[in-house]
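Peer 1: Sharing a model prediction with you, sequence too.
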Amino acid sequence: MGKIVAVCTSENTGERKKNIGRGILVADHGLEGDAHAGPWHRQVSLLALESIRKMQEKGLDVGPGDFAENITTEGIELITLPVGTKLRLGTEAIGEVTQIGKVCHSRCAIYYQAGDCVMPREGIFLRVLKGGPVKVGDNIEILETPQKEVTAG
């Protein structure tokens, strides 16, 4: 089980997000008030604090929201979760992992500062299946992981 350490939004795409401490995940939409919310497969982005620390160790002054993630987590290995994994965020909201990492078509400010950015490799994206409130300190729990197909050999 992991924890939420930041809930972040921005008014525009392509910019760092600000930790607002709490928010509402809206079914089939995303984080209320965030520029990336909408009816698509990348409604909410998550990045682990452990990933942000890798960039801090490279000398960058970065923290939650600086990689444009909506929810910063701690204590859960996001990149090991297969697409289709269902997560409970807080007490009510449920999301499904739809994508691991992303292609960055243009280099972000973080990349130019550090020569690297963790979001394309270690960020994950969710579609909100069931809405609900989320706040700093809430748990993130893995509810279900997709079963791998077994083939006879």
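Peer 2: The structure has been received and is ready for your questions. No experiment lies behind these values; they were computed from the predicted model shown. Residues are numbered from 1 along each chain as shown.
Peer 1: Can you pull the phi/psi pair for residue 49?
Peer 2: phi -60, psi -30 (degrees, to the nearest 10).
Peer 1: residues contacting residue 134?
Peer 2: With contact set as C-beta atoms under 8 Å, 6 or more residues apart in numbering, residue 134 has these partners: 4, 7, 22, 23, 24, 25, 71, 89, 90, 93. In this view, the C-beta of every residue, glycine as well, is placed from N, C-alpha and C.
Peer 1: let's see 10 Å
Peer 2: Residue 134 is in contact with 4, 7, 21-25, 31, 44, 70-71, 89-93, 95, 140, counting by C-beta atoms under 10 Å, 6 or more residues apart in numbering.
Peer 1: same deal with residue 46?
Peer 2: So residue 46 contacts 2, 4, 69-73, 76, 78, 81, 87, 89, 95, 97, 122-126, 140 (C-beta under 10 Å, 6+ apart).
Peer 1: What strand or helix carries residue 137?
Peer 2: Following DSSP states H and E, there is no helix or strand that holds residue 137.
Peer 1: Would you confirm that it contacts residue 2?
Peer 2: No: look at residue 137 against residue 2 with C-beta atoms under 10 Å: they stay out of range, at 11.5 Å.
Peer 1: More neighbours: these two, which one.
Peer 2: residue 2 (21 against 11; other C-beta atoms under 10 Å).
Peer 1: so the more buried one sits right up against residue 75, yeah?
Peer 2: Yes: Residue 2 lies in contact with residue 75 (C-beta under 10 Å); the separation is 4.2 Å.
Peer 1: Please consider this matter closed, and thank you.
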